[in-house]
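3D, please:
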Amino acid sequence: MRLEGHDQWVTGINFHPNGKYIFTSSDDKSVKVWDLVNNGVCVRTFSNAHEYMISCMTLSSKVMVTGDVKSSIKIWEMR
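Presented below is the predicted three-dimensional model:
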């Protein structure tokens, strides 16, 4: 499977704990959610999630945490 959709380098890849989704972050300041059950279709995009390029990302079943190159961290509630 090949997932394409970011406009810049991919900086982070994480599996959701349920194994059905992959979350990716990118230099394009976005986070994308890919549905592995449905052939890798992008089901959600957090456009301009940060003011600067996203440099790191991690997640659990309840939260996603992203950080950018200017040391800003955001915590996102998972629903």
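
leaving out the residues flanking it, which one is nearest to Ser72?
Leaving aside its sequence neighbours, Ser72 sits nearest to His50 (Cβ to Cβ, 6 or more residues apart in numbering; 6.2 Å). All C-beta atoms are positioned from the backbone trio N, CA, C, and that covers glycine.

is it correct that Lys20 is in contact with Trp34?
No. In this structure, Lys20 is not within contact of Trp34 by Cβ atoms under 8 Å, at 9.7 Å.

those two: which has the busier surroundings?
A direct count of neighbours by other Cβ atoms under 10 Å for Lys20 and Trp34 places Trp34 higher, at 21 against 12.

ok, Gly12 touching Asp27?
No. Contact between Gly12 and Asp27 fails when scored by Cβ under 8 Å: they sit 10.6 Å apart.

tell me, what's touching the two both at once?
Ile54 (Cβ atoms under 8 Å, 6 or more residues apart in numbering).

burial check on the residue nearest to Ser72, number of neighbours?
The local packing of His50 (other Cβ under 10 Å) involves 20 other residues.

same thing with the one 10 residues further on?
Residues lying near Ser60 (other Cβ under 10 Å) number 11.

and if you look at the one 10 residues further on?
Other residues near Lys70 come to 10 when the count uses other Cβ under 10 Å.

Three-state assignment for it, please.
Following DSSP: H, G, I helix; E, B strand; the rest coil, Lys70 is assigned to coil.

tell me how far the residue nearest to Ser72 lies from Ser30.
Distance of His50 to Ser30, given as Cβ to Cβ, to the nearest Å: 9 Å.

now Asn48
Relative to Ser30, and taking Cβ to Cβ, Asn48 is found at 7 Å.

so who does Val37 touch?
Lys20.

next: Thr66.
Here Thr66 is in contact with Gly12, Ser25, Val31, Ala49, His50, Ile54, Cys56, Met57, Ile73, Lys74, Trp76 (Cβ under 8 Å, 6+ apart).

now do the helix or strand where the second one lies, average pLDDT.
The reference is to Ser25. In this assignment (DSSP states H and E), Ser25 forms part of strand 21-26. Strand 21-26 carries an average pLDDT of 96.
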